[in-house]
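> Have a look; sequence and predicted model below, questions after that.
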Amino acid sequence: MKSYRAPGGAPIRVLDGVDLAVPRGRLALVLGASGSGKSTLLNVVGLLEDAEGGDVIVGGERVSALGRSAQGRARGRYIGFVFQSFLLLPSLTALDNVLLAARYARRARLDARRRARELLAEFGVLERQAHYPPQLSGGEQQRVAFCRAVLNDPPLLLADEPTGNLDDANGRVILEALRARARAGAAVVVVSHRADAVGAADAVYHMREGRLEPGPSTSGGGPS
Amino acid sequence: MNGVGRILREYGFTIAGIAIGVAGIVALGAMGERIVRFIEGGDRFVLGQISVAGRGMGMGAGFTAGGMLPASALRAIAAVPGVAGVQAQVMLPLNPSTSQFMTLTQELVLGLDLSVPTPNRHYPTLPVHEGRVLRRGDRRVAVVGASFAASHGLRVGSALVLEDEPYEVVGVLERTLTAPDRFVIVPIEDARRQWIAKDRLLRTVIASGAAAVNAADLNTGAAVGWGDGEDPDVVARRIAERVKDVNVQIPSDLSRLLRSSTAFFSALLGGLGVLAFVIGGLSLANTVAAAVFERIRDFGVKRALGATDWQLGREVLGEALAVTLSGGAVGVALAVMLGTGVDRWAARSGQQLFLFSGRLLGGSLVFSLLLGAAAATYATLRVVRLSPAEAIRRGA
């Protein structure tokens, strides 16, 4: 459960009784209109903000019960994020942005650098590794952001409107990459207000007024 | 990752802002140091000797202000127990029309009896920057203070005309930032000639033979030393009791007088210093805190990537210290460059407005660092309290 209180107003419940289980190797798509609570759901699942009740369990560990520092470490180890606005650090090069994920996971520098280059090459942006985010196109930025999200091979990958700022071609690249992560064994949750990702999903849900409902084309997993 | 380049890219304006604040602090502090050096130098001088002048009024200037101090009085002073040396002196305003009220900038002629050592314990000789000090037997030569030399365009070997008589400059003193910077030091015999030339009444009295005055009596004062283990104040009071018709300056009283006469400047500079530290400090603290708050979204992203509060806090604090240190160093360099430029211009009229002491520069850097660290700590504590999602939202 999660609610916000507007200044001087009554609390607004943005998540209400949501129960979502995504097994490894599955991609779950949460559709919903703007303001329906889907981004908040992703934030709570990703430990980016606290809920007033309920649990977040990743790989059998109840990570929502951990302390602040332990939650920070859990985010670095277990969870990768892809944001709609990419959220690359403008003062870092593309390569350094990717390597940022390794810094907080205390991963060996050389190994991380090698893997980061592999990922950048896989997504066609290796030649842009020394460029800064403002020098990259939106599609390139999202691919760099994706490389950062998967650098540590997190078992849980969360994507908030990952194609929202991309053209169709780049959107397809990112959706395929998310699908590939699921095939590789990660649990992937994508939230979107567009239905163009339905084809890539193993399970589709709808968020309406803070409640999660199963969608029509669910092929696995589901609210329980 | 090129850390220096990254910090410059991220914090270029912050460093510039800090530099301007620190430059202001350092520049005002350097002006304060300049005055402090003047006051301390004067204090050190008056505490190094007992200054004695003749009773009454005359042309004597500075610490020898008063009437004539004849040779008989000098002998009587030398006979006082505890006295370890007496040096006759003549101190005159170079230009008697200049108000003696303006003692901080007045140019003075100091005549020294070179047949005896200078008894001042703190200034047995004044440091010479160029040339030499005066020697026994010298005539028509002068050692000039640094400001005097600069304002009159004098160097060693230059000619100087005093009361229509030519002098050769044989030495230029090091800049002391105190009164001797404006001195013309000559042998006492030459100073006596200048006194007679300047003082029509004295000339008339000597010419008329109305008073038994010979050359050795023409002193405006004397510097008196004391023996080892003697209390200078006690010796000074003893001179006052035992020698008639003299004004004796008690060293500690003179020091107090000097300090009280410069109290206004001290208070003014103290106030300016406090103001500079408050304004510069607030500007610096605000700049550092704003720089941290500006990057709130980046901190949210880093926390999303797994940074713990401790890791993030350490990172932010380290960057803030590096930025503050860079800004502080640039600010210090800026102030020194500006101050040196202004002083180069002011030197043409014999002035020096700034003194960049080591304690000022070091203190300013330490002050900047501490304040930057405090501001960064405050801002960091505010930032890490937010959830990563909230930090990203606020920074968007």
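Cool, got the structure.
> Looking at the stretch 251-396 of chain B, which residue is nearest chain A?
residue B:306 (2.0 Å; CB to the nearest CB). C-beta: built from backbone N, CA, C; applies to glycine.
> you'd agree that residue is up against residue A:75?
Yes: using CB atoms under 8 Å, residue B:306 makes contact with residue A:75 at a distance of 4.8 Å.
> Can you name the residues of the stretch 251-396 of chain B sitting close to chain A?
Within the stretch 251-396 of chain B, the positions near chain A by CB under 8 Å from any CB of the partner chain are B:297-298, B:301-311, B:387-390, B:392, B:396.
> about what we covered before: is the residue of the stretch 251-396 of chain B closest to chain A in a helix, a strand, or coil?
When classified by DSSP: H, G, I helix; E, B strand; the rest coil, residue B:306 comes out as coil.
> What number of residues are in the vicinity of it?
Residues near residue B:306, counting by other CB atoms under 10 Å in any protein chain shown, number 26.
> Phi first, then psi, for it.
For residue B:306, the backbone dihedrals are phi 120, psi 0 (criterion: degrees, to the nearest 10).
> max-length helix in chain A?
Among the segments of chain A that qualify as a helix by DSSP state H, the longest is helix A:168-183.
> Quick check, residue B:218 in contact with residue B:68.
Yes: at 6.9 Å, residue B:218 and residue B:68 qualify as touching, with contact defined as CB under 8 Å.
> Could you give the number of residues near the spatially closest residue to residue A:68 that is not a sequence neighbour?
If the residues on either side of it in the chain are set aside, residue A:68 comes closest to residue B:309, at 5.9 Å by CB to CB, 6 or more residues apart in numbering or on different chains. Other residues lying near residue B:309 total 16 when counted by other CB under 10 Å.
> Residue B:321 too?
Neighbours around residue B:321, by other CB under 10 Å: 17.
> Also residue B:341?
Neighbours of residue B:341 (other CB under 10 Å): 11.
> Tell me which helix or strand it sits in.
helix B:309-346 (DSSP states H and E).
> Just want the angle from the helix or strand just after that helix to helix B:309-346.
The helix or strand immediately downstream of helix B:309-346 is helix B:358-385, counting by DSSP H and E. Per axes from the mean of the first three to the mean of the last three CA atoms, to 10 degrees, the angle that helix B:358-385 makes with helix B:309-346 is 150 degrees.
> Tell me where chain A has strands.
With strands called from DSSP state E, chain A shows them at A:2-5, A:11-15, A:27-32, A:57-58, A:61-62, A:79-82, A:156-160, A:187-192, A:203-208, A:211-214.
> neighbouring strands for the fourth one, and are they parallel or not?
Each strand paired with strand A:57-58, and its direction, by DSSP bridges: strand A:61-62 (antiparallel).
> now swap in the last one and tell me
Applying DSSP bridges, strand A:211-214 is found paired with strand A:203-208 (antiparallel).
> Please export the C-alpha coordinates of the strand it pairs with as CSV.
What follows is strand A:203-208, C-alpha atoms only, in CSV (Å, rounded to 0.1, in the frame of the first residue of the first chain):
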residue,chain,number,x,y,z
ALA,A,203,2.2,-11.4,-18.7
VAL,A,204,0.3,-8.2,-19.0
TYR,A,205,-1.4,-6.3,-16.2
HIS,A,206,-3.4,-3.1,-16.0
MET,A,207,-3.1,-0.5,-13.3
ARG,A,208,-6.3,1.3,-12.5
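> Let me know the average pLDDT across it.
The average pLDDT for strand A:203-208 rounds to 90.
> quick one: buried residues of it?
A:203-207 (16 or more other CB atoms under 10 Å in any protein chain shown).
> Throw the strands of chain A into JSON lines and include distance to residue B:256, thanks.
As requested, the strands of chain A are exported to JSON lines (distance: least, CB to CB, whole Å):
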{"stretch": "strand A:2-5", "distance to residue B:256": "67"}
{"stretch": "strand A:11-15", "distance to residue B:256": "72"}
{"stretch": "strand A:27-32", "distance to residue B:256": "83"}
{"stretch": "strand A:57-58", "distance to residue B:256": "77"}
{"stretch": "strand A:61-62", "distance to residue B:256": "76"}
{"stretch": "strand A:79-82", "distance to residue B:256": "72"}
{"stretch": "strand A:156-160", "distance to residue B:256": "75"}
{"stretch": "strand A:187-192", "distance to residue B:256": "80"}
{"stretch": "strand A:203-208", "distance to residue B:256": "83"}
{"stretch": "strand A:211-214", "distance to residue B:256": "85"}
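> Just tell me which of those ends up closest to residue B:340.
Closest of the strands of chain A to residue B:340 is strand A:79-82, at 53.2 Å (criterion: CB to CB).
> Next, the contact list for residue 133, please.
Let's take chain A. Going by CB atoms under 8 Å, 6 or more residues apart in numbering or on different chains, residue A:133 touches A:86, A:88-90, A:92, A:94, A:97, A:141, A:144.
> oops, I was thinking of chain B
B:125-126, B:143, B:171 are the contacts of residue B:133 under CB under 8 Å, 6+ apart.
> for residue B:235, same thing?
B:50, B:80, B:82-83, B:224, B:226.
> What about those, which one has the most neighbours?
residue B:50 (31 neighbours).
> my read: it touches residue B:232, true?
Yes: using CB under 8 Å, residue B:50 is in contact with residue B:232, at 5.9 Å.
> what's the closest non-adjacent residue to the closest residue to chain B within chain A?
The nearest approach of chain A to chain B comes at residue A:76, 2.0 Å away (CB to the nearest CB). Once flanking residues are discounted, residue A:76 sits nearest to residue B:306: 2.0 Å by CB to CB, 6+ apart.
> Please determine how far the one residue sitting closest to the centre of chain A is located from residue B:95.
When CA atoms, centre = their mean is applied to chain A, the residue found nearest the centroid is residue A:158 (2.0 Å). Distance of residue A:158 to residue B:95, computed by CB to CB, to the nearest Å: 86 Å.
> cool, residue B:68 as well?
21 Å.
> And for residue B:317?
Residue B:317 is 60 Å from residue B:95, by CB to CB.
> before we move on, the earlier item: run a quick check on the residue nearest to the centre of chain A versus residue A:45, I expect a contact.
Yes: the pair residue A:158 and residue A:45 qualifies as a contact (CB under 8 Å) at a distance of 6.3 Å.
> what sits in contact with each of these two?
Taking CB under 8 Å, 6+ apart as the criterion, residue A:158 and residue A:45 both touch residue A:189.
> Just want the residue of the stretch 1-150 of chain B that's nearest chain A.
Closest point on the stretch 1-150 of chain B to chain A, by CB to the nearest CB, is residue B:10, at 4.4 Å.
> Could you say which helix or strand holds that residue?
helix B:3-46.
> Kindly tell me how buried residue B:215 is, as a neighbour count.
Quick note: residue B:215 (other CB under 10 Å) scores 13 neighbours.
> Could you find the closest non-adjacent residue to it?
Per CB to CB, 6+ apart, closest to residue B:215 is residue B:192, 5.9 Å.
> and that neighbour, what does it touch?
Applying CB under 8 Å, 6+ apart, the residues near residue B:192 are B:90, B:111, B:215, B:218.
> Quick check, pLDDT for the last one.
To tie it back to what came earlier, the one meant is residue B:218. 89.
> Report the contact partners of it.
Here residue B:218 is in contact with B:68, B:90, B:192, B:195-196, B:202 (criterion: CB under 8 Å, 6+ apart).
> quick one: least confident of these?
If you rank those by pLDDT, residue B:202 sits at the bottom with 79.
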